[in-house]
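J.: what's the 3D shape of this:
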Amino acid sequence: MGKRFSTSITPEVQKVTVGGWVKSVRDLGSIVFVILNDREGSLQLTFKEGDVPTDMLETAKELTPSSAIMAKGKVREANNDYGFEIIPETLTVNKAEAPLPVDIFKGTSGLRQRIKWRMLDLRGEDKAIFRVRALISKAFEDFLLARDFVRIDTPVLSPYATEGGADVFKVKYFDRESYLRQSPQLYKQLMAASLEKVFEIGPAFRAEPSHTTRHLTEFTSLDLEMAWIEGIGELLDLAEEMFKHIFRFLTNEGRQFFNALGKVPPRVQRPPFPRITFQEARNILKEHGIKLEGKEISPEGEKILGQIANDKHNSDFIWITDYPWDVRPFYHMRKGKTRTKSFDLLYRGEEIITGSQREHRFDILKQQMIEKGLAPENFGYYLKSFKFGMPPHGGYACGLARLTALVLKLDNIREATLFPRDPETLEP
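T.: This next block holds a predicted model:
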């Protein structure tokens, strides 16, 4: 008899094996009610004098919160929140120490403490966050597989500093120096030159001493790259259809997880999303009293643009295209001398996608490396590959935790990351 989840049990089921963690114990002397939490929900074990052995009744009285229980027993119809109760015939207990180091059910523990004790924290309702995150990842994969993309897995250790910046983790690789990838960017470009349409779901690393609620030093990135594009419009169209699919999937398959968190599934929006250029965004922000520091849009500026998209277009999304060459990496294709064929997508006033058409011409790509202060010889294999029939191509990337946090309107990206890494956190 295999273990069953609480949601699969009905009064018609005669006998079951269940497992879970103690949420509460109600001791009325001759009868003890134990509420058990499992991954899918809750159920009630009833220990009544005469129905269970005396030693089992005494064990039930001494149970502590979050003790692990496995029980086999009879299912009986009951007038409770579940419509049934289980009368145990056998009971296996691994008793938890008391008090617990984190408050699972009342939500009074701080985020740092909850993350420190993630195993315990996710025995409460917050486990639904990661069910939503898993659905987003699945919807992303399903959407692309249905459009003939091939899933790939590229190296995490790389001889290249992908984005060409200083924010990389260096790793000793035998007698050589290597880096934890900032993204799978260079490898997915190479694979687009043979498999044509590729995607990857995997880790990325940024050695940024950032302490914001939206950045981590390690995160899961949803990446794709496709060959034979004629411009960024194809990528924007694809992303719009992708979000329509993901949000519809969340509504259809994940409503119970949103309910558990007291949240509402994101609204499904029909394309196209509003599109403005970087210069237009700059002018809009200037009208609202926001002056850009350098050539980047600040988080405050993103919030304003997101609000304008909502007010003017009834959209949670807005595209910003044609970013300045000065703030984009060497592999972005230029649009004239000062702009690039690049884009960001804002969702609820926060950047959620970054992408571009890539430069596929060897001589120009090499020159762009030099302009960015990079040594072409440090990108040997990658750069040489562009001599052998590199097709026009482009792609984008989306942070899984950030998207999950925005969809659920969480205050901190760490809430949507199992074991977040930031400059202060390396354990657990």
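J.: domain ranges for this protein?
T.: Taking automatic domain parsing as the criterion, the chain consists of the domains 6-94, 127-416.
J.: JSON lines for the ones you listed, including mean neighbour count, mean pLDDT and distance to residue 102?
T.: For glycine as for every other residue, the C-beta is placed from the backbone atoms N, C-alpha and C. Putting the domains of the chain into JSON lines (neighbours: other Cβ atoms under 10 Å; pLDDT from 0 to 100; distance: least, Cβ to Cβ, whole Å) gives the following:
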{"stretch": "domain 6-94", "mean neighbour count": "16", "mean pLDDT": "94", "distance to residue 102": "10"}
{"stretch": "domain 127-416", "mean neighbour count": "18", "mean pLDDT": "95", "distance to residue 102": "14"}
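J.: In which helix or strand does residue 240 reside?
T.: With elements delineated by DSSP states H and E, residue 240 resides in helix 232-253, which encompasses its position.
J.: And the contacts of that helix?
T.: Residues external to helix 232-253 that are found in contact with it (Cβ atoms under 8 Å, 6 or more residues apart in numbering): 132, 135-136, 138-140, 142-144, 147, 224, 226, 229, 258, 265-273, 275, 317, 319, 321, 341-343, 345, 347, 353, 355-357, 394-396, 407.
J.: got the domains of the chain as JSON lines, with distance to residue 426 columns?
T.: Compiled in JSON lines, these are given as follows (distance: least, Cβ to Cβ, whole Å):
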{"stretch": "domain 6-94", "distance to residue 426": "26"}
{"stretch": "domain 127-416", "distance to residue 426": "9"}
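J.: if we can go back for a sec, after the helix holding residue 240, which helix or strand is next? Please name it.
T.: Beyond helix 232-253 on the C-terminal side, the first helix or strand identified by DSSP H and E is helix 255-260.
J.: just checking, what packs against that next one?
T.: Counting contacts by 3 or more Cβ pairs under 8 Å, 6 or more residues apart in numbering; DSSP states H and E, helix 255-260 is packed against helix 127-145.
J.: so how far is the next helix or strand after the helix it packs on off the chain centroid?
T.: Per DSSP H and E, helix 127-145 leads on to strand 150-151 as the next helix or strand towards the C-terminus. Per Cα atoms, centre = their mean, to the nearest Å, the displacement of strand 150-151 from the mean C-alpha position of its chain is 19 Å.
J.: Number the residues from 322 up from this point.
T.: Got it, first residue is 322 now, which makes that one strand 471-472.
J.: List the strands paired with strand 471-472, with their directions.
T.: Partners of strand 471-472 in the sheet, by DSSP bridges, are strand 518-526 (parallel).
J.: moving C-terminal of the partner strand, what's the next helix or strand?
T.: For strand 518-526, the following helix or strand on the C-terminal side (DSSP H and E) is strand 539-548.
J.: what's that following strand packed up against?
T.: Contacting strand 539-548 under the criterion 3+ Cβ pairs under 8 Å, 6+ apart are the following elements: helix 448-466, helix 506-513, strand 518-526, helix 553-574, strand 714-720, helix 721-728.
J.: and it with strand 518-526, angle?
T.: On the basis of axes from the mean of the first three to the mean of the last three Cα atoms, to 10 degrees, strand 539-548 is oriented at 160 degrees to strand 518-526.
J.: ok, residues contacting stretch 470-480?
T.: Under the contact criterion Cβ under 8 Å, 6+ apart, stretch 470-480 has outside partners 462, 465-466, 492, 494, 497, 499-502, 505, 507-509, 512, 516, 518-524, 545, 547.
J.: how about a cut-off of 7 Å?
T.: For stretch 470-480, the external contacting residues (Cβ atoms under 7 Å, 6 or more residues apart in numbering) are 462, 492, 494, 499-502, 505, 508-509, 512, 516, 518-521, 523-524, 545.
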